[in-house]
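J.: below are the sequence and a predicted model; questions follow.
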Amino acid sequence: MGKWIHRFVLEERRLEFPFVGLTLTALIGGIASRWAAPGAQGVFWVAAYLFGGFYGVIDGALALRGGRLDVNLLMLLSALGAALIGHAEEGGTLLFLFSLSNALQTMALERTRRAIRQLLNLRPPVARRIREGKEETIPIEAIEVGDHLLVRPGERIPADGVVVAGSSTADESLLTGESMPVPKGPGDPVFEGTLNGYGALEIRVTQPTSDTMLARIIHLVEEAQAQRARTQQAIDRFEQRYAWAVLAGAALTLVLSGLWGEAFDRAFYRAMTLLVVASPCALVISTPAAFLSAIAAGARRGILFKGGMALERLAQVRGVAMDKTGTLTENRVTVQAVRTLNGNHPDAILALAAAVEARSEHPIARAIVEEARARGLSFPEIREVKARPGLGVIGLTPTNSIWVGSPRLFQEQGIPLPDEVRALLEESQRAGRTPLLVYDGQWQGLIEVADRVRPEAAEAVQALRRMGIEVVMLTGDQPSVARAVARTVGIRRFEAGLLPEEKLERIRALARSIGPVAMVGDGMNDAPALAAASVGIAMGKMSSDVAVETADVVLLQEDLRRVAEAIALARAAMRTVWQNLAFASGVIVLLVALTFGVGIPLPVAVVGHEGSTLLVVLNGLRLLRWRWRSAGGGGNLSRG
Ligand code: ADP
Ligand code: MG
């Protein structure tokens, strides 16, 4: 019971609006009884104070218990002070407006939270499993990898998996921000929480419930909220100091007016007004109101900010560094040619390389294994494999070691490249392909791979440049390949042949020369750089877990244009924050000046003060409807 009251009254704040209504009723009663029953007036004022001050007392007491003085206490103090000098009516009005404004703020911010929480409600509670031809309903937690599930038309898909039978479309806007339905047939991947279209689907589960895309997003959003709490701490500290200053200022004016010979009542009234108008309510809410909305607006379009810090830093970014393989180019790398160096059949070389690569997650490794499988080659899986990040892999068998990697791998290990190897390397360089040498004590051959530039890459680079952002490519690949890609997408600065720690070094150097830099990568050999960058951005469903963990921003859709969009949103959020702060402090200065200059009545002070607080919150909410216009000309990136 106690717990229920706690939730109902405190957490969900269900009594806020009813109490505002009761405060107003008591106020009207008090005013009316002035003529009808002057004796009863006191009762009405007490009621107005009790209802109007209820949440203020609770919040203020909580703050006080944490050793903090907050705006609630300033307001209560002012209201009580007004009552002391016979202005209970104005004190009651103050509490009514203050509680109304707080209730409206709760409601407004709740809208933002709801936008985020919507994501969490997308997990369907149950799934229909097919076992031995029979259908059974099971709770979502009971789903196991390999289960076959039936998804009816219009239902949410209960797991990450692949379609085994049926055809339909799926609305994956939740994950990608893209509202076009995606066709689904046998072999296509489906994702938990996305909406099935008009057909029934039978799917095979490929991911445990705890590790679906949706589970990851939920985890990220929770993280973002926790992080917001950290920025909130800084604001709380500011609020506290400021509140003390207001209190001291009010006391000081009281003393000074006394010395000046002013009547006590007038001076006291002015001090109470000062408590209200100088309170930092609007300043305090300026930042969270904008950040919460921006985070929600981002989440809706597949851009996940891990908290306000990410927004703040992304807005300041001057440069964007991009990894090549898997970022500027599609995740799919393909084998273009296999050349032998010892007369063996190319297939033998491919099988040898695939045996070593079978354990690697690198797109190049996947390409080689895939090609070997496609050619129907069988290869033993080598258990002991050493990865040399950014260089290649070395497989150890009981009898010898097999090397697959870039020319630099061999240079590092002091293995000289004979002339016939160099000749082949030059050839693939001319073809603009990435060469991988295969060596097991003898030179076996060379595998050429290539990846395709993403279709939207050039447009994405251009959009960034129009925003005044320098774009740089950092890659571990060959300079020849790097140059070709850079030219295709319109990047002028690139560095090739980088090891993971060299990428990190370049990020730092770049930050020193142009300012804060964001790094876009997939976590393959660029996780250190992602972590070192001012903002790490991981892209796509295919991003490795490392990337998603290290990054500050996760783009759910594999679309490079989202990088510019994320920056535009972050900038819009910061603009809103600055607007709010400027407006809030302007109103404070104005009202304080009026209080001293002409001596405004307390109710007017409260209206001005609470009005500005609400405007600040509403201005933040506008970000929920933020749209990106990647303008064709002029680079006009503004809110619509
Ligand atoms: P990028 O910076 O373009 O994403 P990486 O740093 O991931 O590239 O890799 C750089 C180079 O290291 C590749 O071009 C390749 O030559 C080599 N390499 C990395 N991983 C592997 C692997 N698993 N097998 C063979 N070569 C690899
Ligand atoms: Mg990479």
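T.: Ah, there it is. Numbers count the residues shown, from 1 in each chain. Ligands and ions are numbered 1, 2, ... in the order given.

J.: so Ala310 touches Val535, yeah?
T.: Yes - using C-beta atoms under 8 Å, Ala310 is in contact with Val535, at 6.3 Å. In short, each C-beta sits where N, CA and C put it, glycine included.

J.: between these two, what contacts are shared?
T.: Here Ala310 and Val535 have 552-553 as joint contacts, going by C-beta atoms under 8 Å, 6 or more residues apart in numbering.

J.: show me what the longest helix anywhere in the chain is packed up against.
T.: Counting by DSSP state H, the longest helix found in the chain is helix 213-260. Using 3 or more C-beta pairs under 8 Å, 6 or more residues apart in numbering; DSSP states H and E, the elements in contact with helix 213-260 are helix 71-84, helix 88-120, helix 173-176, helix 264-277, helix 281-300, strand 303-305, helix 308-316.

J.: and among those, the most buried is which?
T.: strand 303-305 (a mean of 27; mean count of other C-beta atoms under 10 Å).

J.: within the sheet, what are the partner strands of it, with directions?
T.: With DSSP bridges as the test, strand 303-305 is paired with strand 553-555 (antiparallel).

J.: gap between whatever residue of the chain ends up closest to ligand 1 and Gly390?
T.: When you check the chain against ligand 1 by C-beta to the nearest ligand atom, the closest residue turns out to be Gly476, at 2.4 Å. Between Gly476 and Gly390 the distance is 4 Å, computed by C-beta to C-beta, to the nearest Å.

J.: same question for Trp260.
T.: Taking C-beta to C-beta, one finds Trp260 at 75 Å from Gly390.

J.: of those two, which one has the most company?
T.: Residue environment comparison for Trp260 versus Gly390 gives the larger neighbour count to Gly390, 23 against 9, counting by other C-beta atoms under 10 Å.

J.: isn't there a strand covering that one?
T.: No - going by DSSP: H, G, I helix; E, B strand; the rest coil, the assignment for Gly390 is coil, not a strand.

J.: wait, what's in contact with Ile447?
T.: Per C-beta under 8 Å, 6+ apart, neighbours of Ile447: 335, 337-339, 349-350, 353, 368, 404, 435-436, 438.

J.: thinking again about what came up before, any idea how far the longest helix of the chain is from the chain center?
T.: Offset of helix 213-260 from its chain centre (C-alpha atoms, centre = their mean, to the nearest Å): 23 Å.

J.: need phi/psi at the residue of the chain closest to ligand 1.
T.: With angles defined as degrees, to the nearest 10, Gly476 sits at phi -90, psi 0.

J.: test my guess that Met272 contacts Ser78.
T.: Yes - taking contacts as C-beta under 8 Å, Met272 lies within contact range of Ser78: 4.5 Å.

J.: overlap in contacts, these two.
T.: With C-beta under 8 Å, 6+ apart, Met272 and Ser78 have common neighbours Leu602.

J.: what does the stretch 401-550 of the chain put close to ligand 2?
T.: Counting by C-beta under 5 Å from the ion, the residues of the stretch 401-550 of the chain close to ligand 2 are Met524.

J.: repeat the analysis, applying 8 Å as the threshold.
T.: 475-476, 521-526 (C-beta under 8 Å from the ion).

J.: most widely separated two among these?
T.: The distance between the two most remote of these (C-beta to C-beta) is 14.7 Å, for Thr475 and Gly523.

J.: who's more crowded, these two?
T.: Applying other C-beta under 10 Å to Thr475 and Gly523 shows that Thr475 carries more neighbours, namely 27 against 23.

J.: grab the nearest non-local neighbour of that one.
T.: Lys324 (3.7 Å; C-beta to C-beta, 6 or more residues apart in numbering).

J.: mind listing what the one you found touches?
T.: Neighbouring residues of Lys324 by C-beta under 8 Å, 6+ apart: 451, 473-477, 481-482, 485.

J.: and if we set it to 10 Å?
T.: Counting by C-beta atoms under 10 Å, 6 or more residues apart in numbering, Lys324 makes contact with 434, 451, 453, 473-477, 481-482, 485-486, 489, 491, 494, 496, 498, 521, 526.

J.: now those: which count as buried?
T.: 434, 451, 453, 473-477, 481-482, 485-486, 489, 491, 494, 496, 498, 521, 526 (16 or more other C-beta atoms under 10 Å).

J.: narrow those residues to those in strands?
T.: 434, 451, 453, 473-474, 494, 521 (DSSP state E).

J.: what's the closest of these to ligand 2?
T.: Lowest distance from ligand 2 to these (C-beta to the ion) belongs to Gly521, with 6.1 Å.

J.: any idea of the pLDDT on that closest one?
T.: We note a pLDDT of 89 for Gly521 in this prediction.

J.: isn't it up against Leu530?
T.: Yes - if you go by C-beta atoms under 10 Å, Gly521 and Leu530 touch, sitting 5.2 Å apart.

J.: what sits in contact with each of these two?
T.: Shared contacts of Gly521 and Leu530, defined by C-beta under 10 Å, 6+ apart, comprise 321, 323, 503, 536-538, 543, 546-547, 550-551.

J.: in contact with Leu50, which residues?
T.: Contact analysis of Leu50 by C-beta under 10 Å, 6+ apart lists 19, 22-23, 26, 57, 95.

J.: am I right that it is in a helix?
T.: Yes - using three-state DSSP, the assignment for Leu50 is a helix.

J.: how about the contacts made by the nearest residue to Leu95 once chain neighbours are set aside?
T.: Spatial nearest neighbour of Leu95, chain neighbours left out: Gly52 (2.9 Å); criterion: C-beta to C-beta, 6+ apart. The contact partners of Gly52, taken as C-beta under 10 Å, 6+ apart, are 19-20, 22-24, 26-27, 75-76, 79, 91-100.

J.: Leu74 now?
T.: 56, 60, 242-244, 246-247, 250, 272, 274-276, 278-281.

J.: same thing but at 7 Å, please
T.: 243, 246-247, 275, 279 (C-beta atoms under 7 Å, 6 or more residues apart in numbering).

J.: looking at the residues you listed, which is nearest ligand 2?
T.: Ala243 (50.2 Å).

J.: any figure for the gap between the closest one and Leu64?
T.: Counting by C-beta to C-beta - Ala243 and Leu64 are separated by 11 Å.

J.: those two: which is more packed in?
T.: Ala243 (23 against 14).
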